[in-house]
Structure formats: C-alpha cells, structure tokens
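Novice: Okay, sequence plus prediction incoming.
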Amino acid sequence: MKLELGEAIRLGSMASEKTKFIRHDAGRSCAIGAAEIAVGIVAETYWPEILLPCQHPVTGKSLPLVSIIASLNNGYVWPHCNNGSGLCFPEWTREEIADWVETLERPSQPTIDQPAEQPVDGSVEQPIEQLVEV
C-alpha cells in the first residue's frame with residue numbers, strides 16, 4: 001500500500017529537525033524532504049501528482065502542489081507585502097502542512113445534496129412512506 005504524502009511528511013518530521021529553502025541539510029529537512037525521508041525516494045517520483053496544480057490555502061493562487069508545500073514550509077517573503085514588512089504569511093510547521101495535505105487526500109464527504117450509496121446487497125432503499133401503507 002502506498003504511503004500518502006501527508007502521512008509521509010508527518011513520519012519524516014519525526015526523524016529530522018525542520019529546515020527552510022532546502023529539502024535536506026545535515027539531518028534537517030523541509031516538509032517535502034521529510035516525506036522523502038519517509039519513503040526513501042524523490043517526492044516527484046513517488047507522488048507525481050505533486051506536480052499538478054491546486055489552490056494555495058493562503059493566497060488562493062493555482063500552483064503545483066510541491067510549490068505550495070515549499071511556500072508554506074518557508075513562509076512567503078516579498079518586499080512589497082504587508083506594507084513593506086516583507087512577510088506575506090508566516091511559515092507553517094510540517095505538521096500543519098501534513099494536516100492540510102491530508103484534507104486534499106481524503107475523499108470528500110457526501111453532502112445533503114449528494115445521493116447516498118446503495119446498500120452492498122444490491123437492494124434499493126425506499127422512503128418509509130413507500131413501505132408502509134397509510
């Protein structure tokens with residue numbers, strides 16, 4: 001069974017201290033580096049889907065998932081942000097990043113507008129009004 005990215009980030013984080021702007025450095029790792037420690041292979045090889053775009057949880061921009069994870073790990077600094085202070089948003093912990101990634105990995109929960117799945121035995125559920133004569 002393939003290890004999910006969020007869980008790999010979490011596991012690798014237990015084996016290394018956090019670093020920024022580089023995947024691995026002297027026993028430290030960023031969020032992606034932590035995932036690579038957990039699976040022992042380059043992240044883009046193990047999870048090619050991290051190259052696909054998704055919505056950044058802070059900026060709302062569509063970027064490759066790997067870039068979003070890096071920006072959350074490092075915090076986003078740009079001289080023109082936040083009235084010139086340079087900090088657009090603070091860095092996230094690797095555990096916070098893993099939590100967010102896991103929201104992408106979980107199947108969506110059915111909502112009131114979605115039909116319920118049919119029973120495994122193939123029977124069709126009917127409203128109680130159809131089963132009981134009034």
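Specialist: Ah, there it is.
Novice: Quick one: residues in contact with stretch 45-62.
Specialist: In this structure, residues lying in contact with stretch 45-62 by Cβ atoms under 8 Å, 6 or more residues apart in numbering are 2, 5, 32, 35-36, 39, 43-44, 63-66, 68-69, 71-72, 76, 88-89, 100, 104. Any C-beta I mention is one placed from the backbone N, CA and C, and that applies to glycine too.
Novice: Mark which of these are part of helices, please.
Specialist: 5, 32, 35-36, 39, 43-44, 65-66, 68-69, 71-72, 100, 104 (DSSP state H).
Novice: and the contacts of stretch 45-62, which are buried?
Specialist: 5, 32, 35-36, 39, 43, 65-66, 68-69, 71-72, 76, 89, 100 (16 or more other Cβ atoms under 10 Å).
Novice: Next, give me the two most distant ones among these.
Specialist: Val39 and Phe89 (28.0 Å; Cβ to Cβ).
Novice: Find the residue at the geometric middle of this structure.
Specialist: Val101 (1.0 Å; Cα atoms, centre = their mean).
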